[in-house]
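# Pasting a predicted model and its sequence here:
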Amino acid sequence: MKLTPKATLLAAALLAATSLTACAGGSASAGSSAGAQPKLTFIQGVAGDEFYVSMQCGIDAAAKAAGATINTQGPAKFDPTLQKPIVDSVVASQPDAILIAPTDVAAMQAPLKAAAAAGIKVILVDTTVQDPSFAASAIASDNKGGGLEAFKAIKNLSPNGGKVLVISTDPGVSTADARVAGFEEGAKADSTFQYLGVQYSHNDPAEAARLVSAALAKDPDIVGVFAANTFAAEGTATGIRQAGKQNQVKIVGFDAGPAQVKQLKEGIVQALIAQEPASIGTQGVEQALKAIKGEPTEKEIQTGFKQITADNISGDGAKYVYKSSC
Amino acid sequence: MTTTEAVPRTAGTAPEISRAHTLRQVLHVQSFQILLVLMVIFLAFTALAPDVFPTWGNVRQIIQNVSILGVLGIGMTFVIVTSGIDLSVGSNLVFSGVVAAKVMQAMGDSGWGTAIVGILVAVGCGLGWGLLNGVLIAKAKVPPLIVTLGTLGGALGLAQVITGGVDIREVPAVLQDTIGYGNVPGTTWPTISLIAMVLILIFGTVLHRTRFGLYTFAVGSNEESARRVGVKVDRQLISIYALSGGLAGVAGILSLSQYGTTAIAGQSATNLNVIAAVVIGGTSLFGGVGTIFGTVIGLFIPAVLQNGFVIVGIQPFWQQVAVGAVLVLAVYVDQRRRAAAARGRSAKPDGKKKLYGRRSN
């Protein structure tokens, strides 16, 4: 067949149309009104982050056990301008409940409030918004406690004190801010440690590595770095390794993705504060189903965390490692 | 099959050919072909999710989310028609939003007075960066790709310097309520989309019905000829990049209204998304051909794809695959059309037009 422009464009249209029909079978079914099967949608903060993948595994399992359908979507970056169109599309598909990790405390406030006003139950998992009163429930780790725990871990590793730095992701992410606040509280209360402040890596490991290299160039005697999330921890470890300061600088990371666990086993990272994303997910489904049935829900749930070190990684720490696929 | 009889170089000028060829003429106009593609995609999703997808509530929010890109697309169409490129629109948007937010925050009050000052400041900042782009491209003869790459970094960097990397989340409530999420009074049509539509109509008319638009096509088609014929090419280029910048400023204040935050870390892929939309819509990267109507259609294709994928429950990554495929095919079709036109023209060798090449002088 001659490839005339008309034929080409018809092919383009068919490609665009069939690329979706071909994939329609491979993922969750669009909710059919088969009886009273509740329809849930989980909107991740960013697709491809092991923390959210582990949460998805927990949610999928809980939804399946309860007989609810579940659809998972997430933006390519942790960015409200990318998450908002997804939220709008999900709201249009009228699920019974949305479980969401909002990517910005201010930008996601209005779209989620509109979703709640449209009769969809909203469960906030992990991050929150400025005014979460419209949500049926908000479930997160005790991030402030986790940050304080991270400081205690650094204190254990460097009992003599010294300079400490925090690498966070983006300002305005409620969970990261809480962790930084917890760490800062611990560091400022302890006079043997000098708190150098927090730097933002924008959820990009390469940026985290650059920031750490620059910080080490400025203050070569840093004794500890707290990396406040998965990508920050990966990048920080890379930066310190590049500078050759693995033995001098102790790293405590937040989140226990497979790459971070590898770094822990290699000795580049000394401790990881692992959250319980699967538990957050499971509880999220529980609260969502309660809200759908009209039963009272718990407005705020805090889950715990576990400190993973080289000692317990093969033992009871192993089950806290995040998954990269279910 | 020849398409050489007075094929309109610029869609939008009246074809001076017999009635019998009109339908074929229309079908060959790329923006119409792209409209067919959009309709096929829309129908496909309607078939897959008939209760949810084709509803006004859903279509309304697609239109609302596309509005900001639409405003950027206008300026980008003008720029690409002159065979230039403007990579800095996303950063310009962020910078304008940041400065406007800072000014409004300093003024303190939350009413329309502050809001109007904010709007003027945003547009002013956008115009400033646009003028800088235009002067460097037209006078200093630096290629547009390089200049706008530089201002992309410069504007974003300055925005981060001004704010310390921390988003400003205080936006006057009037902006958020009326522009960001409000509807035109008495209807359910989003205000932000009305603003975008008005701008599209105004600048569509400018591009296709005024001398300014004609000169734009002339400069894009063959800059040296335009210069010799008496078109003030430098002034034209500066105006066009200033227009693109000014519209980025407008988009900045619209974004501020819609998200309620400056979203400094966002907008990283905005420039490429806008360029893709303009190119899919039939505007040739080599200049001289383009329509605002095509740009509008080109904007809707990725938006409809993403919306449809989310509703049907497909992994969002496939949307990027689909858009990439449509983009490449759109440029391929454009190339075929140009090759056919060049072959059909009389003996004059066209010569390969260099993409974003150094300005002829």
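Done, it's in.
# Residues of the stretch 151-300 of chain B that sit close to chain A?
Contact residues, the stretch 151-300 of chain B versus chain A (C-beta under 8 Å from any C-beta of the partner chain): B:165-167, B:169, B:176, B:180-181, B:255, B:258-261, B:263, B:265-268, B:270. (C-beta placed from N, C-alpha, C; glycine too.)
# could you point out where chain A is predicted with low confidence?
For chain A, the stretches flagged by pLDDT under 70 are A:1-35.
# follow-up on the earlier one: among the residues of the stretch 151-300 of chain B next to chain A, which are located in helices?
Mapping those onto helices (DSSP state H) picks out B:255, B:258-259, B:270.
# Break down the stretch 101-250 of chain A into its helices, ranges please.
Listed in chain order, the helices of the stretch 101-250 of chain A (DSSP state H, counting those that start in this stretch) span A:109-117, A:143-157, A:174-189, A:205-218, A:230-243.
# Tell me which of those helices sits most buried.
Per residue and on average, the most neighbours among the helices of the stretch 101-250 of chain A fall to helix A:230-243, with a mean of 25 (mean count of other C-beta atoms under 10 Å in any protein chain shown).
# quick one: contacts of the following helix or strand past that one?
Counting by DSSP states H and E, the next helix or strand C-terminal to helix A:230-243 is strand A:250-254. With contact meaning C-beta atoms under 8 Å, 6 or more residues apart in numbering or on different chains, strand A:250-254 is reached by A:146-147, A:150, A:153-154, A:157-158, A:179, A:223-230, A:232-233, A:236-237, A:240, A:260, A:263, A:268-273, A:275.
# would you turn the helices of the stretch 101-250 of chain A into CSV with distance to residue B:123?
Output for the helices of the stretch 101-250 of chain A, formatted as CSV (distance: least, C-beta to C-beta, whole Å):
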stretch, distance to residue B:123
helix A:109-117, 24
helix A:143-157, 40
helix A:174-189, 33
helix A:205-218, 32
helix A:230-243, 36
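# In CSV, list the ones you listed along with distance to chain B.
Shown next, in CSV, are those (distance: least, C-beta to the nearest C-beta, whole Å):
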stretch, distance to chain B
helix A:109-117, 6
helix A:143-157, 19
helix A:174-189, 11
helix A:205-218, 10
helix A:230-243, 13
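# What subset of the residues of the stretch 151-300 of chain B next to chain A is buried?
Using 16 or more other C-beta atoms under 10 Å in any protein chain shown as the burial test, these include B:167, B:169, B:176, B:180-181, B:255, B:258-261, B:263, B:265-268, B:270 as buried.
# gap between residue B:128 and residue B:245?
Taking C-beta to C-beta, to the nearest Å as the measure, residue B:128 falls 7 Å from residue B:245.
# Which of the two has more residues huddled nearby?
The residue with more neighbours, out of residue B:128 and residue B:245, is residue B:245; 31 against 19, by other C-beta atoms under 10 Å in any protein chain shown.
# Does the host helix or strand of residue B:162 pack against any helices or strands, and if so which?
Secondary structure from DSSP H and E places residue B:162 in helix B:144-163. Contacts defined by 3 or more C-beta pairs under 8 Å, 6 or more residues apart in numbering or on different chains; DSSP states H and E place helix B:144-163 against helix B:89-107, helix B:112-138.
# hey, which of those helices is tucked in deepest?
Neighbour counts (mean count of other C-beta under 10 Å) averaged over each of the helices and strands packed on helix B:144-163 peak at helix B:89-107, with a mean of 26.
# wait, what's in contact with the nearest residue to residue A:236 once chain neighbours are set aside?
Closest residue to residue A:236 apart from its sequence neighbours, by C-beta to C-beta, 6 or more residues apart in numbering or on different chains: residue A:227 at 4.2 Å. By C-beta under 8 Å, 6+ apart, the residues touching residue A:227 are A:166-167, A:208, A:233, A:235-237, A:251-254.
# Tell me the spacing between residue A:227 and chain B.
17 Å (C-beta to the nearest C-beta, to the nearest Å).
# Okay, and residue B:41 sits in which element?
helix B:30-48.
# now that helix, how far from the chain's geometric center?
How far helix B:30-48 lies from its chain's middle: 20 Å, per C-alpha atoms, centre = their mean, to the nearest Å.
# Fine, thanks again, bye for now.
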